[in-house]
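> My questions concern the predicted model and sequence given below.
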Amino acid sequence: MKHGYEHYLSQTAKELQPSGIRKFFDLAASMDDVISLGVGEPDFVTPWSIREATILSLEQGFTSYTANAGLLELREEITYYLKNRFGVQYNPSNQITVTIGASQAIDLAFRAILNQGDEVLIVEPAFVSYAPLVAIAGGTPVAVSTSPANGFNVTPEQIEAAITEKTKAILLCSPNNPTGSMLTKNELIEIAAVIKKHDLLVVSDEIYAELSYDEDFCSVAAIDGMYERTILINGFSKGFAMTGWRLGFLAAPTEFVEVMLKIYQYTTMCAPNMLQRGAIEALRNTYPEVESMRNSYRRRRNYVVQTLNQMGLDCHVPGGAFYVFPSIRATGLSSEQFAEELLMKEKVAVVPGHVFGESGEGYIRCSYATSMAQLQEALKRMQRFIESKGVLAEHQSEKVKTH
Amino acid sequence: MQLSKEEIEILKIIEENHKLPIESIALMAMCSEDAVSAAIQKLEQAKIIMSYPTLIDWSKVEGQEGVIAMIDVKVTPKRGVGFNEVAERISRFPEVSSLYLMSGAYDLSITIEGKTMNQIAQFVSEKLSTIENVVSTTTHFMLKKYKHDGVNFNSGNEDKDRRMVVSP
Ligand SMILES: Cc1ncc(COP(=O)(O)O)c(C=O)c1O
C-alpha cells in the first residue's frame, strides 16, 4: 500500500498499550508443566443445572434474537437478585440491560457518558481494561494510586486531590482485581460524600460481589444519594463460574440505560438467547453452589495469605475476589523480573503487579482459584525461589497463632 | 451434638480432602495446629468422623474386579423380634458392605461385595435366605459404577483444568 498500514489505523487504537497480561500469557503458554497462579477465573466448571437449562433451551429451539436489553424474564430475575442480595431496587423493563460480560457493560458505560477530554478517575492497581476503555470512548483516564497501608482502598482525600474541572466520573471496583481489597459500607459512605460534593458519576464494577469473605458486600448504589449517579455493573463470570459464557449486566437510572441501549442495539443486538436461559437458572437455583464455591475460596485464601507471610512476602488479607497481592520488595527485584524468573526457574506463573498500574509495581498477583494440591506445590516452589534470593522470613520458625 | 463453627469448618475441609497436613488445615480454618488436632481427636471419639475411607475403583485393576450386588430383602417382623435384630445379624457378615432399613416395597437393602458371582449366589442362598424371618430376597447385580459417595468414577474431562495459563 502506498502509505503503509500505519497511515490507515486510528490514532486512538494505535496509542493503546497492549495488555501486560497478554504479554505474560504468551511467555507462560510457551512452557510445559507450569503451575499457574495467573488465572483470573474460577477453577470450578459452571454448576451443572445451569448447563442443563441451557442444553434444554437448545432442545426446545430457543435460537432467535431476544429483546435488545435481554429476556424480560432474566431482567426480572436480575432485579430480584439485586434487591434481595444488595438492597437496590431497579425496574426490569427499563433499567437493566444484559450484556456480553461485565466487560461490555463497562465499555457501554464509558461510551454513554464521556465526551472528548472528560476525565475518569481510576483507582489503581486496577483491572487492565479500564484505562483503555476510557481512552477508546474519548475520555482521559486519571490514575488514583492506593497502597497497602490503607489495604489498597482509596480514601476520600485521595479522590478529592485528583478531581479537576474535567472530572466526570470515578470507576470503583470492590472487591478488587488485582488486590482483592474491599470497601466497607462506612468507607463507601465517606467516598460518596466527595462524589456528591463534586457531582461525579460512579461506574461501579461489582463483578466480584458474590466473592466477599469476611463482611457483607455493599453496593455503592445502595448508599444514600448514590443510586441516581451510579452505573452498576455485575455479571455471572466470577460468582457463578461462568467466564466463558460472556454474560454480564448493567443497572442504572433509565436515562443512562436508554443511551447505553442505543449503542448496544447497534453494536451487538442482544446476548445469546440460550445462554440467557442458563443465566435464569443460575439466579433462581444455584445459591447453594455459589456459597460452597465461596467457602472453598475463603479457605484457600486463608491458607495462601498466611503461607506467603510466613515465607517473608508481606501480604495483606484481601476481603474478596480470588487474588492475593503480596509485596515482593524484599527480594530486590522488580515485579516483572520476579514473575519472569519465578516462571523460568520454578515454573510458577504469577502476574507482575505493574500491569495493573504504576502503584502495582513491587507486587505480584497470585490467584488462588486453583486446587489445594497445586497451591501447596506452587507455594513450596515460591518459597524455594525467594530463599534463593536471600529473603529470610522473620517469622519462619514461629507458627501462626490466632486466638 | 452441638459443634463450634471452627469444628464444622475443620470437618468440611477434611471431608473434601483428608490428606491435607494439619498445618494446612490450621491455616485454612484460621486456628492453631493444636486446636485442629484436638478437634479431630474429639470428632473421632464422638464418632462424628467415622473413618477415612479410600475410594478405590477396583474395576480398573486387573484381576481385582470383584462383583457387587444389591439385595432387597423382605422380613416378617415377628413379635419380640423387630427389624433391628435381623438387621444386626445380617450386618455381621463381612461380605455385607452396607445395610439400610427402607420404606416401601421391601424392608432391608443390602450391598454385598464378593470376588465372584458364585460367591454372592452362595451368600444369598446359604446365609441370607436361611435366616429366620427373611421372607424373600431379590438380587440385583451392579454392572458399572458411575458415581459413588459423591465421587464421579467416570469423570474424564471435567476434572481437567482447561483454563489459559494466564488470564485477566
Ligand atoms: C474487575 C473485573 N471486571 C470485569 C471483568 C470482566 O468480566 P466479564 O467476564 O464478565 O467480562 C474482570 C475479569 O477478569 C474483572 O477482573
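Yep, that arrived. Numbering: from 1, shown residues only, chains lettered A, B, ... in the order given.
> distance between whichever strand or helix holds A:L171 and the chain's centre?
Taking DSSP states H and E as the definition, A:L171 sits inside strand A:167-173. Distance, stretch centre to chain centre, for strand A:167-173: 15 Å (CA atoms, centre = their mean, to the nearest Å).
> One more: stretch A:131-145?
A distance of 16 Å separates the centroid of the chain from that of stretch A:131-145, by CA atoms, centre = their mean.
> That stretch and the ligand in contact?
No: if you take CB under 6 Å from any ligand atom as the test, stretch A:131-145 misses the ligand, and the best it gets is 10.3 Å. All C-beta spots, glycine's among them, are computed from the backbone N, C-alpha and C.
> What lies in contact with that stretch?
With contacts defined as CB atoms under 8 Å, 6 or more residues apart in numbering or on different chains, stretch A:131-145 is touched by A:12-13, A:15-17, A:19, A:106-107, A:110-111, A:114-124, A:126, A:130, A:154, A:158-159, A:162, A:164, A:166-168, A:170-171, A:357-359.
> which of the residues you listed come close to the ligand?
Filtering the contacts of stretch A:131-145 for proximity to the ligand by CB under 6 Å from any ligand atom leaves nothing.
> when you check chain B, which of the residues you listed turn up near it?
Restricting the contacts of stretch A:131-145 to those near chain B by CB under 8 Å from any CB of the partner chain leaves A:S19.
> Separate out the buried members of the contacts of stretch A:131-145.
Buried members of these, counted by 16 or more other CB atoms under 10 Å in any protein chain shown: A:106-107, A:110-111, A:114, A:118-124, A:126, A:130, A:154, A:158-159, A:162, A:167-168, A:170-171, A:357, A:359.
> Distance check, the nearest residue to A:F24 once chain neighbours are set aside against A:I35.
Nearest residue to A:F24, sequence neighbours excluded (CB to CB, 6 or more residues apart in numbering or on different chains): B:V166, at 5.2 Å. Distance of B:V166 to A:I35, computed by CB to CB, to the nearest Å: 12 Å.
> same deal with B:K5?
32 Å.
> With neighbour numbers in mind, choose between these two.
Neighbours per residue (other CB atoms under 10 Å in any protein chain shown) separate B:K5 from A:I35, with A:I35 holding more: 21 against 8.
> re earlier: among the contacts of stretch A:131-145, name the ones in strands.
Taking DSSP state E, the ones among the contacts of stretch A:131-145 that sit in strands are A:119-124, A:167-168, A:170-171.
> Write out the residues of chain A neighbouring the ligand.
Residues of chain A lying near the ligand (CB under 6 Å from any ligand atom): A:40, A:101-103, A:127, A:173, A:177, A:205, A:207, A:235, A:237, A:243, A:248.
> Also chain B?
Proximity of chain B to the ligand (CB under 6 Å from any ligand atom) is limited to residues B:P168.
> Specify the beta-bridge partners of the closest residue to chain A within chain B.
Residue nearest to chain A within chain B: B:V166 (3.6 Å; CB to the nearest CB). Using DSSP bridges, the bridge partners assigned to B:V166 are A:G38.
> check contacts around it.
B:V166 is in contact with A:21, A:24-25, A:28-29, A:36, A:38-39, A:349, A:351, counting by CB under 8 Å, 6+ apart.
> farthest pair in these?
A:A29 and A:V351 (13.4 Å; CB to CB).
> Neighbour count: those two, which is higher?
A:V351 (32 against 13).
> How many residues are close by B:G63?
Other residues within reach of B:G63, judged by other CB under 10 Å, total 6.
> and it, how far is that from B:K115?
If you measure B:G63 against B:K115 using CB to CB, the figure is 10 Å.
> Then A:T370?
From A:T370 to B:K115 the distance is 41 Å (CB to CB).
> Same check on A:V259?
For A:V259, the distance to B:K115 (CB to CB) stands at 74 Å.
> just A:S335 next, same as before
Using CB to CB, A:S335 is found at 60 Å from B:K115.
> To what extent is whichever residue of chain B sits closest to the ligand buried, counted in neighbours?
For chain B and the ligand, the shortest gap (CB to the nearest ligand atom) falls at B:P168, measuring 3.8 Å. By other CB under 10 Å, the residues close to B:P168 number 20.
> ditto for A:N68
With other CB under 10 Å as criterion, A:N68 counts 16.
> ok, and the nearest residue to it once chain neighbours are set aside, which helix or strand is that part of?
Computed as CB to CB, 6+ apart, the closest residue to A:N68 that is not its neighbour in sequence is A:Q265, at 4.5 Å. Using DSSP H and E, the element containing A:Q265 is helix A:254-267.
> Work out the gap between the helix or strand just after that helix and the centre of the chain.
Per DSSP H and E, helix A:254-267 leads on to helix A:273-285 as the next helix or strand towards the C-terminus. Relative to its parent chain, helix A:273-285 has a centroid offset of 22 Å by CA atoms, centre = their mean.
> what comes into contact with helix A:273-285?
Counting by CB under 8 Å, 6+ apart, A:46-47, A:49-54, A:56-58, A:62-66, A:70-71, A:73-74, A:77-78, A:80-81, A:98, A:236, A:240, A:242, A:245-247 sit against helix A:273-285.
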